[in-house]
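Undergrad: build me a model:
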Amino acid sequence: MIQRIKACLNGGRPFPASPAELAAEAVAAVAAGAEALHVHPRDAAGKESLAAADIGAALIAIREAVPGVRVGVSTGLWISGGDVRRRAGLIAGWRELPDFASVNAGEEGFADLVRLLASQGVGVEAGVWRPEEAGAVLRQPLERVLIEVIDTPAAAAVPAADAILARLDEVGYRGERLLHGEEDACWPLIEHAGRLGLPTRVGLEDTLTLPGGAPAEGNAALVTHALRLWGG
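TA: Below you'll find the predicted structure:
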């Protein structure tokens with residue numbers, strides 16, 4: 001299980017994309033202290049993909065590069081063009097399975113996809129972006145909930161995260177939580193996660209800059225700075 005930090009290597013960014021690039025960034029991020037990895041595999045054209053061949057190629061390359069490190073993937077509905085049935089069909093066809101997969105609670109087909117992944121032996125991280133989504137995670141076979149603060153300025157990041165955390169408490173969710181934010185919300189929430197003793201994540205998916213605003217050279221630099229900030 002993740003103790004402190006997961007590295008999100010690419011997301012929607014154009015790099016790293018290929019299995020070899022993902023593997024190289026995985027090695028660097030793990031050497032810097034990342035304890036798990038989250039990736040968005042690509043097809044030959046560089047487009048995010050849920051196809052079995054693309055998922056498998058990325059996972060095999062990363063696992064050969066950093067054996068024993070848990071690797072997860074995104075199942076964002078946009079990857080299948082918003083087609084719920086197509087997404088489920090692609091995931092049902094996976095041959096090389098990730099250790100975990102993220103499923104956004106606010107997306108159509110959430111509960112069915114959670115059950116499908118669980119039936120395959122894949123751990124599920126439920127992404128909760130808004131307080132009103134908290135109730136969807138109850139009675140689901142989840143590994144953890146991701147509190148994800150998206151499209152939020154730095155000054156509003158902590159209140160937004162606290163509102164989701166409070167709602168999870170109110171609805172009775174008692175499982176593991178991971179807290180992170182994207183872009184301007186990234187660094188304030190890494191620091192906040194450290195204060196709360198919650199695991200967090202960082203990587204090129206979430207931000208391209210270091211805490212002071214300088215460009216990050218790669219995932220390893222982001223992990224290094226995040227661990228310093230998280231540990232205070």
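
Undergrad: OK, contacts around the residue nearest to L227 when sequence neighbours are not counted?
TA: Residue nearest to L227 in three dimensions, not counting chain neighbours: G33, with 5.0 Å by CB to CB, 6 or more residues apart in numbering. C-betas here are computed from N, CA, C, even on glycine. By CB atoms under 8 Å, 6 or more residues apart in numbering, the contact list for G33 reads 4-5, 223-224, 227.

Undergrad: what's the closest of the residues you listed to A53?
TA: Distance to A53 across the contacts of G33 (CB to CB) is lowest for V223, with 29.0 Å.

Undergrad: so the closest one is in which element?
TA: helix 219-231 (DSSP states H and E).

Undergrad: surely L142 touches V114?
TA: Yes. With contact defined as CB atoms under 8 Å, L142 reaches V114; the gap is 7.0 Å.

Undergrad: need the residues touching each of the two.
TA: 124, 126.

Undergrad: now list the buried members of the contacts of G33.
TA: 4-5, 223-224, 227 (16 or more other CB atoms under 10 Å).

Undergrad: most widely separated two among those residues?
TA: R4 and T224 (12.5 Å).

Undergrad: skipping adjacent residues, who's closest to the residue nearest the centre of the chain in space?
TA: Among the residues of the chain, the one closest to the centroid is H38, at 5.1 Å (CA atoms, centre = their mean). Leaving out its chain neighbours, the residue that sits closest to H38 by CB to CB, 6+ apart is C8, at 4.4 Å.

Undergrad: that neighbour - how many residues pack around it?
TA: A count of neighbours around C8, defined by other CB atoms under 10 Å, yields 27.

Undergrad: and if you look at Q3?
TA: The burial count for Q3: 8, using other CB under 10 Å.

Undergrad: roughly how far does it sit from T200?
TA: Distance of Q3 to T200, computed by CB to CB, to the nearest Å: 11 Å.

Undergrad: cool, G81 as well?
TA: 31 Å.

Undergrad: so which strand or helix has the closest residue to P98 other than its chain neighbours?
TA: Closest residue to P98 apart from its sequence neighbours, by CB to CB, 6+ apart: V73 at 4.7 Å. Per DSSP H and E: V73 is located in strand 70-74.
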